[in-house]
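A.B. asks: sequence plus predicted model, see below.
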Amino acid sequence: MKEFELTSERLLKPERLWSRAEILTRPCPIPSEPGIYAWYFRRIPPVVPIDRCHIFDGMPLLYVGISPSPPPANGGKPSQQNLRKRLKNNHYKGDAYSSTLRLTLGCILEKELSITLRIPGPFSRRMTFGSDGERKLSEWMGEHTRIACVACQNPWDVEEALIERLSLPLNLDQNGRHAFRATLRAIRSDARRRAREAV
């Protein structure tokens, strides 16, 4: 419990928030360790409710994530991901296929950024916003998001407790009680449907 309280305090009242530009610098300031991260937004994405959200320095906390994912229940090989890889390579340099947050934001910002979820070809499993769309999304995230992160063991335990205690409208997993979840799932499902139909 003590570890949870300390980790939560450092996420909810962070000493430092990181921008995309800072995370993409070399050397990257984010530790290559297991941990949890919190996404604060300087601008609220359209339709996202922020009532009851935690606010820090005028910015609502809308999403938390972890790296790595929990160990497989079947005893399989655990993920080798860490905070640095996840934030740098997947969220800020990746695409909608490698980051559920990018997929969510891109679907919500589709009209504002003039981007569309698409499938490169009939035999591909990847859905992205295309190179130009992903660039626009990265630029939006760079300008309007800031990240707090804390290295810790078993970050999935902290994530579960935070989702239970806080209002985090952009989290889908473990967040069935949130009123925005059904709306967000519908937005993403509609974008996926249109991407499949366009192939």
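C.D. replies: Looks like it arrived, so ask away. Numbers count the residues shown, from 1 in each chain.

A.B. asks: now the top strand by length along the chain - C-alpha only, CSV.
C.D. replies: Of all the segments assigned as strand in the chain under DSSP state E, the longest by residue count is strand 59-67. What follows is strand 59-67, C-alpha atoms only, in CSV (Å, rounded to 0.1, in the frame of the first residue of the first chain):
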residue,chain,number,x,y,z
MET,A,59,-4.4,20.2,-17.0
PRO,A,60,-6.8,17.3,-16.6
LEU,A,61,-5.4,13.8,-16.3
LEU,A,62,-7.2,11.7,-19.0
TYR,A,63,-5.3,8.5,-19.3
VAL,A,64,-2.8,6.2,-17.5
GLY,A,65,-0.8,3.4,-19.0
ILE,A,66,1.9,1.0,-18.0
SER,A,67,5.0,-0.8,-19.4
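
A.B. asks: could we number from 5 for the rest of this?
C.D. replies: Sure, I'll start numbering at 5, so the last one becomes strand 63-71.

A.B. asks: adjacent strands (with direction) for it?
C.D. replies: Sheet partners assigned to strand 63-71 using DSSP bridges are listed as strand 39-45 (antiparallel), strand 59-60 (antiparallel).

A.B. asks: show residues contacting that strand.
C.D. replies: Identification of contacts with strand 63-71 by Cβ atoms under 8 Å, 6 or more residues apart in numbering yields 15-16, 38-46, 48-49, 52, 54, 57-59, 83, 85-87, 89-91, 95, 105, 150, 159-160, 162-163, 166-167, 170, 172-175. Using the backbone N, CA and C atoms, a C-beta is placed for each residue, glycine as well.

A.B. asks: can you tell me the average pLDDT over the longest helix anywhere in the chain?
C.D. replies: Across the chain, the longest stretch assigned as helix under DSSP state H is helix 185-202. For helix 185-202, mean pLDDT is 97.

A.B. asks: could you do stretch 125-133 as well?
C.D. replies: 86.

A.B. asks: now that stretch: buried residues?
C.D. replies: 131-133 (16 or more other Cβ atoms under 10 Å).

A.B. asks: how about stretch 180-191?
C.D. replies: Residues of stretch 180-191 classed as buried under the neighbour-count rule (16+ other Cβ under 10 Å) are 182, 184-185, 188, 191.

A.B. asks: go through the strands paired with strand 63-71 and pick out the most buried.
C.D. replies: Scoring the strands paired with strand 63-71 by mean neighbour count under mean count of other Cβ atoms under 10 Å gives strand 39-45 as the most buried, with a mean of 24.

A.B. asks: for the lowest-mean-pLDDT helix or strand in the chain, packing partners?
C.D. replies: The least trusted helix or strand in the chain, going by mean pLDDT, DSSP states H and E, turns out to be helix 6-16, with a mean of 89. The contact analysis (3 or more Cβ pairs under 8 Å, 6 or more residues apart in numbering; DSSP states H and E) places helix 6-16 against strand 39-45, strand 63-71, strand 149-155, helix 159-169.
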